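Engineer: Below are the sequence and a predicted model for it; my questions follow.
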Amino acid sequence: MGYHRRIISKEQLIYEYTHNGLPGVQEFLGSSGSYANDAVMITDDLARSVIDVFTSYFPDEMDKWRQIKNIILTEIMHHD
């Protein structure tokens, strides 16, 4: 078995959101695979915030994705 490293950055998250919407972000983060088997490298505060929410337990998954969406949208609004 191979060792897979995933780098997650603000630029990747914003790109996925602006080009593919929240489903693109879901697919991108979901494609990271099991965190027990992969190394995840986080390059900035936005990625750290998103991963913190992504790896947290939420009774309602929609709340998790709303929070991730809000984190990304806030960064986009402040970036312009």
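Structural biologist: Here it is on my side, so go on. Numbering: from 1, shown residues only.
Engineer: what comes up buried for the longest helix along the chain?
Structural biologist: As far as residue count goes, and with DSSP state H defining each element, the longest helix of the chain is helix 10-30. Using 16 or more other CB atoms under 10 Å as the test for burial, helix 10-30 gives 10, 12-14, 16-17, 25-26, 28-29. Where you see a C-beta, it was placed from the backbone N, CA and C, and this is true even at glycine.
Engineer: Looking at those, which two lie furthest apart in space?
Structural biologist: Longest distance between any two of those is 17.2 Å, between Lys10 and Gln26; criterion CB to CB.
Engineer: circling back to that earlier point, which outside residues touch the helix or strand just after the longest helix of the chain?
Structural biologist: Note on helix 10-30: by DSSP states H and E, the next helix or strand toward the C-terminus is strand 38-42. Contacts of strand 38-42 with the rest of the structure, by CB atoms under 8 Å, 6 or more residues apart in numbering, involve 3-9, 32, 48, 51.
Engineer: before we move on, the earlier item: quick one: average confidence on the longest helix of the chain?
Structural biologist: Across helix 10-30, pLDDT averages out at 94.
Engineer: Distance from it to the middle of the chain?
Structural biologist: 7 Å (CA atoms, centre = their mean, to the nearest Å).
Engineer: Compute the inter-axis angle for it and strand 38-42.
Structural biologist: Taking axes from the mean of the first three to the mean of the last three CA atoms, to 10 degrees, one finds helix 10-30 and strand 38-42 inclined to each other by 150 degrees.
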